[in-house]
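Novice: Sequence and predicted model, in that order:
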Amino acid sequence: MVQDPARICEILVGLPEVNVLGVDDSHPVLEIHVECRGPRPGCSECGVFAHLKDQRIVTLVDLPCFGKPTRLWWHKRRWKCPDRDCPNRSWTEEDRRIGAPRLAMTDRAGRWITEQVGRCARSVNEVARELGCDWHTVNDAVLAYGEALVDHPDRFGDVQALGLDEVLFVREGPFHRQHFSTSIVDVGRGQLLDVVPGRSGAEPKAWLERQGPAWLGQVRFATLDLSGSYRAVFDAVVPNATQVADPFHVVRLANEKLDECRRRVQNETLGHRGTKADPLYRCRRLLTKADERLGEAGKEKLLGLLRAGDPRGEVAMAWHAKEAVCELYTHTDPELALEWVDRLALDMEDRDHPTEVRSLGRTLHRWRLQIAAWHGALVTNGPTEAMNNLIKRVKRAAFGFRRFRSYRVRALLYTGKPNWSLLATISPR
Ligand SMILES: [Zn+2]
């Protein structure tokens with residue numbers, strides 16, 4: 001046990017090679033004054049021992065100390081070269097073990113908040129309140145440490161099943177316009193590889209090309225939503241990979257068509273948008289529920305509501321179409337798959353069917369190979385869906401992102417599987 005008061009102080013403050021000059025607890029924030037006690041340095045230009053010029057105090061946000069927000073007052077020494085002819089006139093000492101230049105936070109606090117915000121998906125606001133500092137101080141540190149961690153070259157290796165998926169990252173500006181991003185995903189491992197701005201093919205294509213031909217050569221399966229621009233990217237950069245339509249998006253499209261049909265029929269039969277009293281409006285949730293989750297009572301109710309609000313049986317037809325699409329994924333026989341998709345597409349394109357069902361049939365036809373390929377590849381839809389849910393959690397914690405850079409770092413810290421054991425050793429950007 002240490003009993004020397006000066007040493008006790010140093011241990012509690014926990015920084016290497018510093019003298020604790022004093023402590024001020026007369027404010028709501030605890031202030032700890034320190035100075036480095038490293039030896040007098042030599043001039044970096046001429047090597048002569050430097051002279052002490054003066055001191056400059058820098059205040060850094062530190063980890064809370066015994067339940068109190070804490071500031072480290074670092075009395076930095078300024079040195080000057082005694083040689084009047086030397087171009088190196090004066091400089092301020094740096095010690096990255098205490099704090100990185102430019103950041104208003106100690107190094108240990110920076111690493112800690114990166115884990116709080118990045119790994120635990122706590123909000124920047126919440127952490128800033130805990131440290132008693134402002135939002136920007138925390139966010140700058142998360143970007144500086146987080147970017148170094150997510151851009152570490154070992155974060156991911158070869159990828160066999162690659163996925164592209166569009167994600168809404170913010171609504172902003174006049175009319176709350178939507179801004180999209182593209183997630184690049186290792187579908188096999190369930191790892192977010194990166195996010196790039198926009199939902200066109202240009203950015204993901206450039207990203208993939210940067211990985212190089214050897215990396216691209218390992219990709220055996222390429223999963224995508226039903227988007228032509230991602231298809232073109234895969235055609236160009238991984239022409240030998242088997243393209244697989246993500247079941248999650250195929251089923252979602254069938255649900256969207258069903259919803260379109262319901263709203264159209266509602267409008268045509270009653271002449272207004274759905275309200276609480278309308279049978280079609282009342283069954284909208286039952287319609288999108290999977291058949292096996294409806295139960296007998298739910299099904300009875302659904303059929304009753306359809307009888308009341310769907311005189312030509314169009315919504316019922318769209319509902320059957322959606323269920324048939326879901327059933328595509330209840331079997332895993334690759335032999336049967338293409339035949340099944342073709343028959344389904346053909347049935348749906350029948351002239352007597354509602355326009356939404358025919359449109360769904362045309363899409364199934366256009367993507368028949370990619371849809372059937374799922375049965376051979378068996379890359380499940382789980383990872384993409386799980387990934388999107390995780391990203392949503394990050395977005396909720398951030399109340400939406402304004403800057404793409406913040407969004408990228410936060411999404412990758414949370415769902416990109418960075419090697420957290422490296423956090424102690426990386427250098428902040
Ligand atoms: Zn000098």
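Specialist: Cool, got the structure.

Novice: Mind jotting down where the strands sit in the stretch 101-250 of the chain?
Specialist: Per DSSP state E, counting those that start in this stretch, the stretch 101-250 of the chain carries strands over the ranges 161-172, 177-186, 191-197, 221-224, 242-245.

Novice: Please name whichever of the ones you listed is nearest to residue 404.
Specialist: With respect to residue 404, and counting by C-beta to C-beta, the nearest of the strands of the stretch 101-250 of the chain is strand 191-197 at 5.4 Å. For glycine as for every other residue, the C-beta is placed from the backbone atoms N, C-alpha and C.

Novice: okay, the angle between the closest one and strand 177-186?
Specialist: Relative orientation of strand 191-197 and strand 177-186, computed by axes from the mean of the first three to the mean of the last three C-alpha atoms, to 10 degrees: 150 degrees.

Novice: So which elements touch strand 191-197?
Specialist: When contacts are defined as 3 or more C-beta pairs under 8 Å, 6 or more residues apart in numbering; DSSP states H and E, strand 191-197 packs onto strand 177-186, helix 202-210, helix 382-398, helix 404-415.

Novice: Skip the chain neighbours and tell me the closest residue to residue 45.
Specialist: residue 88 (4.0 Å; C-beta to C-beta, 6 or more residues apart in numbering).

Novice: Please apply the same query to residue 284.
Specialist: Spatially, and ignoring its direct neighbours in sequence, residue 284 is nearest to residue 262 (6.3 Å; C-beta to C-beta, 6+ apart).

Novice: Looks like that neighbour contacts residue 282 (just checking).
Specialist: No: at 10.8 Å, residue 262 does not count as touching residue 282 under the criterion of C-beta atoms under 8 Å.

Novice: Which element, helix or strand, includes the residue nearest to residue 289 when sequence neighbours are not counted?
Specialist: Excluding its sequence neighbours, the residue lying closest to residue 289 (C-beta to C-beta, 6+ apart) is residue 298, at 7.0 Å. Following DSSP states H and E, one finds residue 298 within helix 291-309.

Novice: Can you list the helices and strands that that helix packs against?
Specialist: Helix 291-309 packs on helix 247-270, helix 279-282, helix 284-288, helix 314-327, going by 3+ C-beta pairs under 8 Å, 6+ apart.

Novice: what stretches of this structure score poorly on pLDDT?
Specialist: 171-175, 378-385, 397-401 (pLDDT under 70).

Novice: Please repeat the previous calculation with a cut-off of 50.
Specialist: Residue ranges of the chain with pLDDT under 50: none are present.

Novice: Nearest to the ion, out of the helices and strands packed on strand 191-197?
Specialist: Proximity to the ion (C-beta to the ion) singles out helix 404-415 among those, at 39.1 Å.

Novice: quick one: the closest one to chain centroid distance?
Specialist: 5 Å (C-alpha atoms, centre = their mean, to the nearest Å).

Novice: That one to strand 161-172, inter-axis angle?
Specialist: 130 degrees.

Novice: and helix 404-415, what does it pack onto?
Specialist: helix 135-150, strand 161-172, strand 177-186, strand 191-197, helix 382-398.

Novice: Just the residues contacting the fourth one, thanks.
Specialist: What that stands for is strand 191-197. With contacts defined as C-beta atoms under 8 Å, 6 or more residues apart in numbering, strand 191-197 is touched by 156, 159, 167, 169, 179, 181-186, 203-204, 206-207, 387, 390-391, 404, 407-408, 411-412, 415-417.

Novice: hmm, back to that, need the helices and strands packed on helix 291-309 in CSV (columns: distance to residue 21 and mean neighbour count).
Specialist: CSV is the format used below for the helices and strands packed on helix 291-309 (distance: least, C-beta to C-beta, whole Å; neighbours: other C-beta atoms under 10 Å):
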stretch, distance to residue 21, mean neighbour count
helix 247-270, 60, 20
helix 279-282, 71, 19
helix 284-288, 66, 16
helix 314-327, 70, 21
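
Novice: Make TSV out of those helices and add distance to residue 350.
Specialist: TSV is the format used below for the helices and strands packed on helix 291-309 (distance: least, C-beta to C-beta, whole Å):
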stretch	distance to residue 350
helix 247-270	15
helix 279-282	23
helix 284-288	21
helix 314-327	10
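
Novice: can you list the ones you listed in CSV and add distance to the ion?
Specialist: Listed next are those as CSV, based on distance: least, C-beta to the ion, whole Å:
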stretch, distance to the ion
helix 247-270, 65
helix 279-282, 81
helix 284-288, 74
helix 314-327, 76
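
Novice: Would you mind saying which of the ones you listed lies nearest residue 363?
Specialist: Closest among these, using C-beta to C-beta: helix 247-270, at 6.5 Å.

Novice: other SSEs contacting the closest one?
Specialist: Using 3+ C-beta pairs under 8 Å, 6+ apart, helix 247-270 sits against helix 279-282, helix 284-288, helix 291-309, helix 314-327, helix 355-366.

Novice: List, one by one, the residues from this structure near the ion.
Specialist: Residues of the chain found near the ion (C-beta under 5 Å from the ion) are 43, 45, 46, 81, 83, 86, 88.

Novice: switch the cut-off to 6 Å
Specialist: 43, 45, 46, 48, 81, 83, 86, 88 (C-beta under 6 Å from the ion).

Novice: show me the contacts for the last one.
Specialist: Under the criterion of C-beta under 8 Å, 6+ apart, the contact partners of residue 88 comprise 43, 44, 45, 46, 81.

Novice: so can I have CSV of those showing neighbour count and secondary structure?
Specialist: Formatted as CSV, those follow (neighbours: other C-beta atoms under 10 Å; DSSP: H, G, I helix; E, B strand; the rest coil):
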residue, neighbour count, secondary structure
43, 21, coil
44, 12, coil
45, 12, coil
46, 13, coil
81, 23, coil
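
Novice: could I get the helices and strands packed on strand 191-197 as JSON lines with mean neighbour count?
Specialist: Putting those into JSON lines (neighbours: other C-beta atoms under 10 Å) gives the following:
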{"stretch": "strand 177-186", "mean neighbour count": "19"}
{"stretch": "helix 202-210", "mean neighbour count": "17"}
{"stretch": "helix 382-398", "mean neighbour count": "17"}
{"stretch": "helix 404-415", "mean neighbour count": "22"}
